[in-house]
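> can you look at this prediction? I've put the sequence above it.
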Amino acid sequence: MPSLHASVDNGLTKGDPNFSGGKLYCHCSSKKVEVTLKSNVAHNHACGCSKCWKPEGALFSVVGVIPVDQLSVTANGDKLHVIDSSAAIQRNACKECGVHLFGRIVNDHPFKGLDFVHTELSDSKGWQEPQFAAFVSSIIEQGFHPKGIDEVREKFKAVGLQTYDVLSPALMDLIATYTGQKAGKLPAKL
Ligand SMILES: N[C@@H](CCC(=O)N[C@@H](CS)C(=O)NCC(=O)O)C(=O)O
Ligand SMILES: [Zn+2]
Ligand SMILES: [Zn+2]
């Protein structure tokens, strides 16, 4: 079975509930882009979609969120560029090594105000462990043979992670609530 992600393959390492953040670095050998996070992440999860950054050899990305005001680019920000400015999540990647340092939502969106980050880019220990696996079937679109997908789902379950083909029900409910409120189908205050 190919690697799902290094933080999943051999079981999860529980995060520290009192952990208060750390620095992320791109993969360049010099002049690394540095991003400082002032808190832990939330909703950390494996994502199989084609847009999220995956380390070499991994079938999945692991990505979590942090409030925009808890994130700052603290070195070599001139090496960052937005890889697709039409995407809902504007992924800021290092132009040299390709690593995604953070994804930001700039347009009206239920998750606006949160940035998407990969805590494996940090040397610190204590980051929230993955909570679920999202967009699992999306790996097939990228060339993973469909006959192996049940084994992928079993592997996630074996380490204690539920699998979904979009986001988790809790996050889908948040998105649906936002959409319903915007359409006037739900009261603005619930
Ligand atoms: N099956 C598609 C799914 C893409 C997708 O919808 N990704 C989710 C999870 S990251 C998303 O919210 N995308 C918004 C964006 O990338 O801007 C793919 O693999 O490309
Ligand atoms: Zn780099
Ligand atoms: Zn994704």
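Looks like it arrived, so ask away. Residues are numbered from 1 along each chain as shown. Ligands and ions are numbered 1, 2, ... in the order given.

> helix, strand, or coil at Thr74?
State at Thr74, reduced to three classes by DSSP: H, G, I helix; E, B strand; the rest coil: strand.

> residue boundaries of the strands in the protein?
22-25, 34-37, 42-47, 61-67, 71-75, 80-82, 89-94, 100-105, 114-117, 133-134 (DSSP state E).

> residue numbers of this structure in contact with ligand 3?
Proximity of the chain to ligand 3, by CB under 5 Å from the ion, involves residues 47, 49, 52. No exception for glycine: its C-beta is placed from N, CA and C like everyone else's.

> swap in 6 Å and give it another go.
Contact residues (CB under 6 Å from the ion) of the chain with ligand 3: 47, 49, 51-52, 61, 135.

> could you check how far the residue nearest to the spatial centre of the chain is from Lys182?
Geometric centre of the chain, nearest residue: Val63, 1.8 Å, by CA atoms, centre = their mean. Plainly put, Val63 is 25 Å away from Lys182 if you go by CB to CB, to the nearest Å.

> next one: the longest helix belonging to the chain to chain centre, how far?
Longest helix of the chain, by residue count under DSSP state H: helix 169-182. Here helix 169-182 is found 19 Å from its chain centre; the criterion is CA atoms, centre = their mean, to the nearest Å.

> cool, stretch 20-29 as well?
The chain centroid and the centroid of stretch 20-29 are separated by 15 Å under CA atoms, centre = their mean.

> between the two ends of that stretch, how far is it?
End-to-end span of stretch 20-29 (CA to CA, to the nearest Å): 27 Å.

> and the protein, which residues reach ligand 1?
Proximity of the chain to ligand 1 (CB under 6 Å from any ligand atom) is limited to residues 47, 49-52, 87-89, 135, 138, 141.
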